[in-house]
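Undergrad: sequence unknown, structure follows:
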């Protein structure tokens, strides 16, 4: 006979023996006997108020029983009444048959300290010398019948000393019409329990002892999640967990293959909140529900009809050494002694039997929805903390699966009236094979991203509105992205002397030059790379590309302005014949193009440096000076071009082969670092 059944029969046999002993004696004598010899019977102090017995009917009623702890002072189990009726004649045919068992107001105190429980001595008392032997599969010759089992009232208290857990179950109500061991009959049972901290539990079960088939329905009503705090804090760095849990779950299967049971039903949580040790909320949710069509642990099947969150509030904090999710887990320190012992112990020889291959996880969610929620991304790796809050967040996906193509849509509102729109297509498990992500950010207050401009360029944004469109694809780990930046009225503040900017560029000047006549900045940022490369960083590529663009703009502003104005390439050198006294139409046209660029932006300074041969005679040198006067007069004579924006110089080089004007530009002094 298997050990669990053997221990069960030993305990039941002891109870039967006690009942038969009581039944064989007169009630007063039985009461005195139990009070005098209780410790011999069960191994602990045992008392009763009185016992009533009728040997002819097989009826026994025990009133006011108290079973104590090992200290013989603290009460372990008490009850008001145990009323039992047995058919004693059935013992002749090896049947133990109870027609009814009623237990009124039981009170049980369970205490756990590590691996030790306060009922260990009871187990040791009833344990026989051969209990450590191998399990015996020999069938028992006895059949056991228990009918009309009823538990009314009472309380069970469970205390885990090491975890500081204290559970109280009250209002116990158990109804079992029939329970059989060794007979091919179904067992029906119903249990109702109230938790002292709030909530109620009801369970119904059907079980066939012979075939080990079972069906069970569990209903939870408003269970206070505070009872789970000691177990949650054991693995997570949180100080408290609150919320109300309700559920309706159904399970059916066979106990011989318990992992293959099928589970269905619904789980609801109201007012969930996980509080960190500093008092802040890690995540909270007003309402959440999960509807389960089928869960089978053995087959790794998780078929969910819906997963819905409403009023979810969460955040992601990035730190130099990780993030708030990695910090959430409690790190367990390894016991040095146990580690050394484990290393010293010889390793067992591998089993020649091949284990059953583990089936891949098959998760499907027919309807996934997050609504009326918020999410905050925070970056603590910068000189100033970056906070990016999103409100009115919604995420929706239909037929979500771990394997195969998925679609999802995200929408959220930003502070100041902006909004985010994200559309995603891709595979979850094989995410490197295919992803397609379209992101649009509209109307973001540019000051919100100042921590990044300070970190990379050394200056904060003081004004401006930012919009961003990004389309990124991943195919076989190769990422390709197109990003368009649209900024209106960007203004930056003073250079931060306390920050060592990552990119040394004249940021303020470059932004000024990039602005068009309508105070807008518009440019594209392409991104390419292999995500398997450990040095790949999307954000670094973005900011490096922006930095390179700004460097080009600041060092050659006329080219950037010409490109923004759609003028194409501007001349970098205007050829001039040394013998010319005046300029040709083509040369005047080139000067006019430069004047158009200069007058479009007052922050640009243009230099025209005439390259001449220093060995030329006096007549040619006079012509060079005359040409400079003509250029300066022509440029400053253009409407909108000030004398401070144009400088004409001469550089004399012996034996010069290419005479003419070298064109260069820079930002005016007020924008320099």
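TA: The structure has been received and is ready for your questions. In this text the structure is predicted, and so the values were computed from the model without any measurement.
Undergrad: show me where pLDDT drops low in the stretch 551-673 of the chain?
TA: Judged against pLDDT under 70, the low-scoring parts of the stretch 551-673 of the chain cover residues 552, 554-556, 560, 563-568, 603, 667-673.
Undergrad: Helices along that one, start to end?
TA: If you assign secondary structure with DSSP state H, counting those that start in this stretch, the helices in the stretch 551-673 of the chain sit at 557-564, 585-599, 618-636.
Undergrad: The helix or strand harbouring residue 193: partners in the sheet, and parallel or antiparallel?
TA: When secondary structure is defined by DSSP states H and E, residue 193 falls within strand 186-195. With DSSP bridges as the criterion, the sheet partners recorded for strand 186-195 are strand 165-181 (antiparallel), strand 200-208 (antiparallel).
Undergrad: and the shortest one, average pLDDT?
TA: Yep, that's strand 200-208 we're talking about. Strand 200-208 shows a mean pLDDT of 83.
Undergrad: in it, what counts as buried?
TA: Of the residues in strand 200-208, those buried under the neighbour-count criterion (16 or more other C-beta atoms under 10 Å) are 201-205, 207-208. Using the backbone N, CA and C atoms, a C-beta is placed for each residue, glycine as well.
Undergrad: Out of those, which comes closest to residue 443?
TA: Each of those was scored against residue 443 by C-beta to C-beta, and residue 201 proved nearest at 50.2 Å.
Undergrad: dump the residue contacts of the nearest residue to that closest one once chain neighbours are set aside.
TA: Distances taken as C-beta to C-beta, 6 or more residues apart in numbering put residue 193 closest to residue 201, at 4.5 Å, once the chain neighbours are dropped. Applying C-beta atoms under 8 Å, 6 or more residues apart in numbering to residue 193 gives the contacts 156, 169-173, 200-202.
Undergrad: Turn these into CSV, including distance to residue 401.
TA: Listed next are the contacts of residue 193 as CSV, based on distance: C-beta to C-beta, whole Å:
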residue, distance to residue 401
156, 42
169, 40
170, 44
171, 43
172, 43
173, 42
200, 36
201, 33
202, 34
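Undergrad: Let me see the domain layout of the chain.
TA: If the domains of the chain are taken from automatic domain parsing, they occupy 3-211, 420-555, 573-671, with pieces of a single domain joined by a plus sign.
Undergrad: Let me see the ranges of the helices in the stretch 401-550 of the chain.
TA: Listed in chain order, the helices of the stretch 401-550 of the chain (DSSP H, counting those that start in this stretch) span residues 450-457, 507-514, 538-555.
Undergrad: Check the stretch 51-200 of the chain too.
TA: For the stretch 51-200 of the chain, the helices identified by DSSP H, counting those that start in this stretch occupy 120-126, in order along the chain.
Undergrad: so where is the stretch 101-250 of the chain shaky, pLDDT-wise?
TA: Scanning the stretch 101-250 of the chain for pLDDT under 70 picks out the ranges 128-141, 178-187, 209.
Undergrad: which residues in it form strands?
TA: With DSSP state E, counting those that start in this stretch as the definition, the stretch 101-250 of the chain shows strands at residue ranges 107-113, 116-117, 143-152, 155-160, 165-181, 186-195, 200-208, 213-224, 238-254.
Undergrad: Partner strands of the first one, with direction?
TA: Strand pairing for strand 107-113, using DSSP bridges, gives strand 75-86 (antiparallel), strand 116-117 (antiparallel), strand 155-160 (parallel).
Undergrad: With residue 449 as the reference, name the closest of these.
TA: The closest of the strands paired with strand 107-113 to residue 449 is strand 155-160. By C-beta to C-beta, the value is 48.5 Å.
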